[in-house]
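Participant: no sequence for this one, just the structure:
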C-alpha cells in the first residue's frame, strides 16, 4: 500500500506541474479546445470524449460510494471537473482513512465488513 500511495502522490505532483506549465503557456481556455476537438471528429476529440466518459464514471462512483449524500454529490462534481487532480488525492486520502482496506476504499462505509 505504501508504494501505491507514493505512486498516487507522484502522479498528482506530475499532473500539477504539467498543468501549471500548460496554464502559463496557454491560459485557462480549456473548454473551447476540449469540446471543439470533439465536435470536429478528430483524434484529439476522440481522446477527449474517452476522457469525458472516464470523468463521468469517476463522478458517478464518487457519488455512489458516498451514498448519494449531499457531500457525495458535491464530491462528484469536483470529480467531474477536477479529473485526476481530484481522484488521485481522494484515493490517497481513502487509502489512509481505510488503513488499506480495498473493500472500504472502493465500496465505502457500510458496504463492507471492516476487519
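Facilitator: Great, that's in hand. Small disclaimer: the values here were computed from a predicted structure and weren't measured.

Participant: three-state assignment of the residue positioned nearest the centre of the chain?
Facilitator: For the chain, residue 87 is the residue whose C-alpha lies nearest the centre (Cα atoms, centre = their mean; 3.0 Å). Here residue 87 is helix, with the state taken from DSSP: H, G, I helix; E, B strand; the rest coil.

Participant: what's the closest non-adjacent residue to it?
Facilitator: Once flanking residues are discounted, residue 87 sits nearest to residue 58: 5.6 Å by Cβ to Cβ, 6 or more residues apart in numbering. Every residue, glycine included, has its C-beta placed from N, CA and C.

Participant: was I right about the one you found contacting residue 79?
Facilitator: Yes: using Cβ atoms under 8 Å, residue 58 is in contact with residue 79, at 4.7 Å.

Participant: anything in contact with each of the two?
Facilitator: residue 87 (Cβ atoms under 8 Å, 6 or more residues apart in numbering).

Participant: tell me which of these two has more neighbours.
Facilitator: Remark: of residue 58 and residue 79, residue 79 carries more neighbours, 23 against 19, as counted by other Cβ atoms under 10 Å.

Participant: I figured that one hits residue 55, correct?
Facilitator: Yes: Residue 79 is in contact with residue 55 according to Cβ under 8 Å; the separation is 7.2 Å.

Participant: with that, I have no additional questions.
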